[in-house]
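J.: From the sequence below, what's the structure:
(one chain, ligands or ions: 1)
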Amino acid sequence: LGQPCIDIAKLPKETGAFTYDNGFTATASCKSAVTYIDGDAGVLLYRGYPIEQLAQHSSFLEVAYLLMNGELPSKGEFDKFEHEVTHHTMMHEAFRTFLYGFRHDAHPMAMLTGMLGSLASFYHNDLDLEDPEQRRLAAIRLIAKVPTIAAACYRYSIGWPIRYPRNNLEYTTRFLHMLKEVPSEPLELSPVAAKAMDLLFILHADHEQNASTSTVRLVGSTGANPYVSVAAGVAALWGPAHGGANEAVLKMLEEIGRPENVGSAVAKAKDKESGFRLMGFGHRVYKNFDPRAKIIREMTHKVLGELGVNDPLLEVAMKLEEAALKDEYFVQRKLYPNVDFYSGIIYKALGIPVEMFTVMFAIARTAGWVAHWLEQQNDPENKIGRPRQIYIGSPQRDYVEFGKR
Ligand code: ACO
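T.: Next up, the predicted model:
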């Protein structure tokens with residue numbers, strides 16, 4: 001820790017002892033029954049169900065129900081949930097005015113953060129956080145409205161008219177229609193595209209106490225409403241070390257440009273002085289493989305094959321994957337491709353604009369954020385989150401007047 005600037009022995013006794021855990025690598029902030037990860041074994045369970053089984057048999061909306069409620073729904077429970085989510089997909093018309101205040105070229109993540117925070121101004125006054133039914137309704141509103149808001153942010157950013165949600169469609173397809181439909185050109189969605197999108201939403205739905213979920217819980221721990229808690233989660237997700245990685249992967253692949261440049265990119269990533277990292281490689285928890293990456297890797301090939309996409313960037317991606325997996329530096333540090341290495345490639349193949357990649361992640365992760373927020377609100381042990389610090393600043397000193405400094 002270097003030299004403490006104060007004599008710790010002279011601190012008052014009640015200061016107590018605490019650990020310095022930079023990045024919280026060894027500190028549990030809560031007890032949770034939502035998601036289990038064994039990073040060494042590459043295991044990911046939502047409410048006890050292996051991600052591989054959910055990816056194969058479930059749908060995103062069913063997974064959202066599972067995360068929120070702890071059990072898979074009966075058919076009747078699922079239909080009711082789907083009906084409720086569908087019922088809440090519309091945005092308040094006043095939202096348009098708010099949206100139109102953003103610069104036309106604002107990043108959709110910037111708009112999404114602001115728009116979600118503003119949901120509180122529409123629903124907060126009526127919200128009694130003591131009432132479990134109202135908490136559940138707030139969670140449903142978020143799951144329902146986030147895709148509508150996300151699509152509106154994107155359409156505004158490219159100057160297209162906002163689309164109302166088509167409530168006869170299911171969750172993922174409804175979102176794609178709002179995002180992509182051009183009045184003169186009705187969107188043809190292939191079943192593989194819809195399945196790939198739903199699969200990505202399932203894989204991104206939750207990941208226990210990652211930076212954005214921890215942010216949601218930290219804000220939620222103060223008793224703040226769920227809309228601003230989730231807006232804070234969106235802000236945390238945006239960083240390239242977290243959800244922003246999928247956009248960063250695509251930008252990196254574009255910069256590498258050609259398969260023959262892969263070798264120098266890998267060399268640059270190994271050179272600490274360069275400050276360059278291979279985006280989409282490495283994970284704080286998974287140190288052998290990311291089970292989501294394994295599932296999505298297969299889907300990537302399927303999508304590209306079935307949609308007949310022949311993207312040169314894919315060749316760069318596959319070369320990069322191959323080179324890094326063989327490289328001593330990456331092997332020693334257990335740096336494997338993570339889910340975001342592949343998600344960007346799929347989104348690109350589906351025609352999703354690059355600046356929407358992290359927004360896509362946010363839509364899916366909303367299911368996890370609200371599940372954690374609900375769990376926290378029900379937790380009798382919930383305390384305001386308040387980390388400690390190691391002070392490394394100046395010792396106590398006296399104020400000096402201007403002219404004497
Ligand atoms: N490229 C090159 N070197 C890397 C990379 C990378 N992508 N990731 C880690 N390293 C190196 C570090 O320089 C460090 O080397 P050292 O031990 O010689 O100093 C070592 O591997 C460990 O790295 P840390 O940063 O300590 O690992 P940490 O667990 O804190 O970070 C993280 C994990 C943030 C994901 C990191 O691997 C990274 O920046 N990856 C690229 C960004 C990315 O893909 N993020 C998405 C994460 S997944 C998600 O959010 C869904």
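
J.: how near is Thr173 to the ligand?
T.: Counting by Cβ to the nearest ligand atom, to the nearest Å, the separation of Thr173 from the ligand is 24 Å. For the C-beta atoms, the positions are set from N, CA and C on the backbone; glycine is no exception.

J.: ditto for His57
T.: Looking at His57 against the ligand, where the rule is Cβ to the nearest ligand atom, the gap reads 23 Å.

J.: Just give the number of residues close to that residue.
T.: Per other Cβ atoms under 10 Å, the neighbour tally for His57 reads 10.

J.: Spell out which residues of this protein are next to the ligand.
T.: Residues of the chain lying close to the ligand (Cβ under 6 Å from any ligand atom) are 23, 241-243, 245, 269, 277-284, 333, 335, 338-340.

J.: So which of those are in helices?
T.: Applying DSSP state H to the residues of the chain next to the ligand, the entries found in helices are Ala245, Ala269, Val339, Asp340.

J.: Spatially, what comes nearest to the third one if we skip its sequence neighbours?
T.: Of all residues not flanking Val339 in the chain, Arg292 sits nearest, at 4.0 Å (Cβ to Cβ, 6 or more residues apart in numbering).

J.: same check, this time on the second one
T.: Spatial nearest neighbour of Ala269, excluding adjacent residues (Cβ to Cβ, 6+ apart): Leu278 at 4.5 Å.

J.: Surely the residue nearest to Val339 and Asp340 touch.
T.: No: Arg292 lies out of contact with Asp340 (Cβ atoms under 8 Å); the separation is 9.2 Å.

J.: Just want to know which of the two has more residues nearby.
T.: Remark: of Arg292 and Asp340, Asp340 carries more neighbours, 30 against 26, as counted by other Cβ under 10 Å.

J.: still on that earlier bit, dump the helix or strand where the residue nearest to Val339 lies to CSV, keeping only the CA atoms.
T.: Taking DSSP states H and E as the definition, Arg292 sits inside helix 291-306. Below are the C-alpha coordinates for helix 291-306, written out as CSV (Å, rounded to 0.1, in the frame of the first residue of the first chain):
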residue,chain,number,x,y,z
PRO,A,291,-19.8,-20.8,-21.5
ARG,A,292,-21.8,-18.2,-23.2
ALA,A,293,-19.1,-17.7,-25.8
LYS,A,294,-19.2,-21.4,-26.5
ILE,A,295,-22.9,-21.3,-27.3
ILE,A,296,-22.8,-18.1,-29.3
ARG,A,297,-19.7,-19.2,-31.3
GLU,A,298,-21.8,-22.1,-32.8
MET,A,299,-24.7,-19.7,-33.5
THR,A,300,-22.3,-17.2,-35.2
HIS,A,301,-21.4,-19.8,-37.8
LYS,A,302,-25.0,-20.8,-38.2
VAL,A,303,-26.2,-17.3,-38.8
LEU,A,304,-23.5,-16.4,-41.2
GLY,A,305,-24.0,-19.7,-43.1
GLU,A,306,-27.8,-19.4,-43.3
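
J.: ok, now which ones touch the residue of the chain found nearest the ligand?
T.: Closest approach between the chain and the ligand, counting by Cβ to the nearest ligand atom: Gly282, at 2.3 Å. With contacts defined as Cβ atoms under 8 Å, 6 or more residues apart in numbering, the neighbours of Gly282 are Arg333, Leu335, Tyr336, Asn338.

J.: Give me the phi and psi for the residue nearest to the first one when sequence neighbours are not counted.
T.: Excluding the flanking residues, the one nearest Arg333 by Cβ to Cβ, 6+ apart is Gly282, at 7.4 Å. As for Gly282, its main-chain torsions (degrees, to the nearest 10) stand at phi 90, psi 150.

J.: Show the pLDDT at Gly282.
T.: At Gly282, the predicted lDDT confidence score is 90.

J.: got it, and Pro186?
T.: We note a pLDDT of 53 for Pro186 in this prediction.

J.: For Gly351, which residues are in contact?
T.: By Cβ under 8 Å, 6+ apart, the contact set of Gly351 is Lys180.

J.: Distance of it relative to Leu179?
T.: Counting by Cβ to Cβ, to the nearest Å, the separation of Gly351 from Leu179 is 9 Å.

J.: same question, Gly70
T.: Counting by Cβ to Cβ, the gap from Gly70 to Leu179 is 31 Å.

J.: neighbour count winner among those two?
T.: Here Gly70 and Leu179 are compared on neighbour count by other Cβ under 10 Å; more neighbours surround Leu179, at 23 against 14.

J.: ok, and what's touching the helix or strand containing Leu314?
T.: Element membership of Leu314, judged by DSSP H and E, is helix 312-326. Counting by Cβ under 8 Å, 6+ apart, helix 312-326 makes contact with 250, 253-254, 256-259, 261-263, 265-266, 269, 278, 281, 304, 330-331, 335-337, 341, 345, 348, all of which sit outside it.

J.: Return a PyMOL selection command for the buried portion of those.
T.: Once 16 or more other Cβ atoms under 10 Å is used to decide burial, the buried members of the contacts of helix 312-326 can be selected in PyMOL as follows:
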select buried, resi 250+253+256+259+262+265+266+269+278+281+304+330+335+336+337+341+345+348
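
J.: I'd say Met91 and Val146 touch.
T.: No: look at Met91 against Val146 with Cβ under 8 Å: they stay out of range, at 10.4 Å.
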